[in-house]
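>>> Coordinates only, no sequence provided:
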């Protein structure tokens, strides 16, 4: 059964809808996605290695969790759902920023969130091979060494560094 996504303008206003398959072949049409950073009590970011069975980006190291916003859903709802599905956790999420990413095959209005957890995590094995935490100071080198700089985490690095005070402060975890 086809998965439908809303087509949006650069501000996130819905202007139509189409199938995920069609939107992944239409760079002139923007659809919404969510990307979630999980930060632990040491101030490290959880990275996941995508399943080697994934059609796109198999085996690359990626942002903690993420996914597409289905038609009729909101980015906030989707972020919570993806976090529960992929990592098996429910935490309060804080919205950081939204940004349009244009790729040769598709365009996304991605919404970045942060949540705080040390785990434990219950991984969705169809999605994720494994996870581990990496400090922000080592993240660029880690992504380069693992050929994952073209991941969504790599695309968000500039924003993560620019907003690190907002992302890495959490009274509950002593950050």
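Received the coordinates, thanks. A quick note: this is a predicted structure, and the numbers were derived from the prediction, not measured.
>>> Quick check: buried residues in the biggest helix by length in the chain?
Of all the elements of type helix in the chain, the one with the most residues (DSSP state H) is helix 75-87. When burial is assessed from 16 or more other Cβ atoms under 10 Å, helix 75-87 yields the following buried residues: 75, 78-83, 86-87. For the C-beta atoms, the positions are set from N, CA and C on the backbone; glycine is no exception.
>>> Show the model's pLDDT score for the residue nearest to the spatial centre of the chain.
Closest residue to the average C-alpha location of the chain: residue 35 at 2.0 Å, with Cα atoms, centre = their mean. For residue 35, the model assigns a pLDDT of 98.
>>> Could you do the one 4 residues further on as well?
The pLDDT attached to residue 39 in the predicted structure is 96.
>>> distance of it from residue 63?
Residue 39 is 12 Å from residue 63, where distance means Cβ to Cβ, to the nearest Å.
>>> do residue 108 as well
Between residue 108 and residue 63 the computed distance is 13 Å (Cβ to Cβ).
>>> What count of nearby residues applies to residue 69?
When neighbours are counted by other Cβ atoms under 10 Å, residue 69 registers 26.
>>> out of everything not next to it in sequence, what's closest to it?
residue 32 (3.9 Å; Cβ to Cβ, 6 or more residues apart in numbering).
>>> I'd assumed the one you found was in a strand, is it?
Yes. Secondary structure of residue 32 (DSSP: H, G, I helix; E, B strand; the rest coil): part of a strand.
>>> Name whatever forms a beta bridge with residue 94.
Counting by DSSP bridges, residue 94 forms beta bridges with residue 114.
>>> likewise residue 5?
residue 18, residue 70.
>>> Tell me where this protein has strands.
4-8, 14-19, 30-39, 44-50, 61-62, 65-68, 94-102, 107-116, 128-135 (DSSP state E).
>>> picking that back up, quick one: contacts for the residue nearest to the centre of the chain?
Neighbour list for residue 35: 63, 65-66, 110-113, 152-153, 156 [criterion: Cβ atoms under 8 Å, 6 or more residues apart in numbering].
>>> Closest one of the buried residues of helix 75-87 to residue 134?
residue 87 (15.7 Å; Cβ to Cβ).
>>> any idea of the pLDDT on the closest one?
On the pLDDT scale, residue 87 is placed at 97.
>>> Roughly how far does it sit from residue 158?
Distance, residue 87 to residue 158, by Cβ to Cβ: 25 Å.
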